[in-house]
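**Student:** The following comprises the amino acid sequence and a computationally predicted model.
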Amino acid sequence: RTNKIIAIDGYSSCGKSTLAKALAKELHFVYIDSGAMYRAVTLYFIRNGIPITDTEKVTQALAVIHIDFHNENGRTVILLNGEDVSEEIRQMYVSDYVSEVSAVKAVRCAMVAQQQQLGQRRNIVMDGRDIGTTVFPDADLKIFMTADPKVRAERRYLELKNKGENITLEEVFENLAHRDYIDTTREESPLVRAEDAIVLDNTDLNEEEQLQFVIDRL
Ligand code: C5P
């Protein structure tokens with residue numbers, strides 16, 4: 001491999017995507033949001049009433065799900081079988097179910113294969129839960145992000161409120177705790193810090209300081 005790969009993993013709502021986007025912009029790398037892919041699969045399962053316990057239906061669905069990233073005036077949109085689902089996948093009803101879907105082995109196999117393909121021959125920053133451990137164990141730099149759970153919930157709450165979502169801070173806190181629990185305890189590639197990942201606790205760091213932290217370690 002001659003291209004560069006930066007892997008950013010960590011808990012829910014730690015600001016992984018904000019940092020990854022800033023980093024990609026600074027370095028002229030391509031940013032890939034692996035969580036958006038799991039969210040798109042989840043949306044497909046919800047819309048089509050596919051129970052995650054039905055292995056046959058899950059396998060059939062995965063064979064016809066096509067996920068693409070596409071750049072639109074500097075904004076990255078995610079396409080699920082050609083439809084822009086960028087907004088829809090951020091809704092709470094998707095967030096509430098995405099970790100259950102992401103724990104399914106067949107789902108992970110399909111997504112990991114696609115992510116590895118996206119990382120061929122291009123310099124990329126990819127964020128998620130298992131990028132440094134499973135998707136790209138040979139990444140050039142691995143960052144493991146964490147922050148105070150209350151601070152994370154407040155940040156996400158404000159973000160969703162600003163988008164007009166009708167939710168409470170408690171609901172957001174519960175959702176993050178729920179996802180972190182499933183993500184860290186699942187059997188298939190659980191969220192865990194890769195041995196060679198650098199820990200970045202951003203509870204008290206602004207975006208510029210976080211970017212500098214990573215740049216200093218390149
Ligand atoms: O990154 P984001 O919070 O949008 O991811 C949504 C969910 O997708 C996570 O809570 C996790 O369950 C799942 N996920 C995963 N592996 C990844 C990225 C996301 O299991 N690499």
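**Tutor:** Received it, and whenever you're ready, just let me know what you need.

**Student:** CA only for contacts and neighbour counts going forward, please
**Tutor:** OK.

**Student:** contacting residues for the nearest residue to Ala147 once chain neighbours are set aside?
**Tutor:** Take Ala147 and drop its neighbours on the chain: the residue closest to it by Cα to Cα, 6 or more residues apart in numbering is Thr203, 4.7 Å away. If you count contacts by Cα atoms under 8 Å, 6 or more residues apart in numbering, Thr203 has them with 146-148, 151.

**Student:** Pull out the buried members of these.
**Tutor:** Neighbour-count burial (16 or more other Cα atoms under 10 Å) applied to those gives 146-147, 151.

**Student:** how close does the residue nearest to Ala147 get to Leu80?
**Tutor:** 34 Å (Cα to Cα, to the nearest Å).

**Student:** Kindly report the same for Lys163.
**Tutor:** 22 Å.

**Student:** For the two, work out which one has more neighbours and name it.
**Tutor:** Leu80 (19 against 11; other Cα atoms under 10 Å).

**Student:** Phi and psi next, for the more buried one.
**Tutor:** phi -110, psi 110 (degrees, to the nearest 10).

**Student:** Next one: it, what pLDDT does it get?
**Tutor:** Note for Leu80: predicted pLDDT of 98.

**Student:** For it, name its beta-bridge partners.
**Tutor:** Beta-bridge partners recorded for Leu80 (DSSP bridges): Ile67, Glu83.

**Student:** pretty sure it contacts Asp68?
**Tutor:** Yes - assessed by Cα atoms under 8 Å, Leu80 is found in contact with Asp68 at 6.8 Å.

**Student:** Against Glu72, how distant is the spatially closest residue to Gly10 that is not a sequence neighbour?
**Tutor:** Closest residue to Gly10 apart from its sequence neighbours, by Cα to Cα, 6+ apart: Met145 at 4.5 Å. Met145 is 28 Å from Glu72, where distance means Cα to Cα.

**Student:** So between these two, which is more surrounded?
**Tutor:** More neighbours surround Met145 than the other of Met145 and Glu72, with 24 against 8 (other Cα under 10 Å).

**Student:** helix or strand for the more buried one, which one?
**Tutor:** For Met145, the host element (DSSP states H and E) is strand 141-146.

**Student:** partner strands of that strand, parallel or antiparallel?
**Tutor:** When DSSP bridges is applied, strand 141-146 pairs with strand 5-10 (parallel), strand 198-201 (parallel).

**Student:** In PDB, list the C-alpha atoms belonging to that strand.
**Tutor:** The C-alpha trace of strand 141-146 is given here as PDB (Å, rounded to 0.1, in the frame of the first residue of the first chain):
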ATOM      1  CA  LEU A 141      -2.100   6.800  12.400                       C
ATOM      2  CA  LYS A 142      -4.800   5.600  14.800                       C
ATOM      3  CA  ILE A 143      -6.700   8.000  17.100                       C
ATOM      4  CA  PHE A 144      -9.100   6.800  19.800                       C
ATOM      5  CA  MET A 145     -11.400   9.500  20.900                       C
ATOM      6  CA  THR A 146     -13.200   9.900  24.200                       C
END
